[in-house]
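Peer 1: Here you go, sequence then predicted model.
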Amino acid sequence: MDPSLPDGAPTDGPVADVLARNQEFYDAHEARDLERMAAVWEVSDRVVCIHPGWPIMRTYAHVIESWRRILGGPGRLQFILSNVAVAIDGDIAWVTLEENLLGGPVPVVVAATNMFARIDGAWQLVVHHGSPVGH
């Protein structure tokens, strides 16, 4: 089974494609690779990103600048994704999941939603929203 897919997920078709693209987002983050991160996002004014504790960022220019700051900063995070679910409606898909973050002073869980739009057959990230989960 493809390691980017949760247990029981199909290994081909649109759901697998969305989940693989979602995994690429986290792989780019872990690798601290801005080019890979930029390739995941749709380049448009409709993109939105809400990092935990940050204000809402809109437009590709603002969103990619936030990633430049994050990926260029200190520290390195590892993501263990759990409770992953995907839904698709035409050319829009969303993945809801828990990001279990390792690498900081204490482990953190973030509830996240990643929304993708299919553009010319490829899934591009248009919304990322992460919210810390209290314990």
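Peer 2: That came in fine, so what should we check first?
Peer 1: what separates the spatially most central residue of the chain from Val127, distance-wise?
Peer 2: For the chain, the residue whose C-alpha lies nearest the mean C-alpha position (CA atoms, centre = their mean) is Phe25; its distance is 4.6 Å. Distance of Phe25 to Val127, computed by CB to CB, to the nearest Å: 12 Å. C-betas here are computed from N, CA, C, even on glycine.
Peer 1: now the residue nearest to the centre of the chain, nearest residue through space, not along the chain?
Peer 2: Sequence neighbours aside, Val40 is the residue nearest to Phe25 in space, at 4.8 Å (criterion: CB to CB, 6 or more residues apart in numbering).
Peer 1: overlap in contacts of Phe25 and Val127?
Peer 2: Each of Asn114 lies in contact with both Phe25 and Val127 under the rule CB atoms under 8 Å, 6 or more residues apart in numbering.
Peer 1: buried ones in whichever strand or helix holds the residue nearest to the centre of the chain?
Peer 2: Per DSSP states H and E: Phe25 is located in helix 14-31. Residues of helix 14-31 classed as buried: 15-29 (neighbour count, 16 or more other CB atoms under 10 Å).
Peer 1: farthest pair in these?
Peer 2: The span of the buried residues of helix 14-31, defined through CB to CB, is set by Val15 and His29 at 21.8 Å.
Peer 1: thinking again about what came up before, just checking, next helix/strand downstream of the helix holding Phe25?
Peer 2: helix 34-40.
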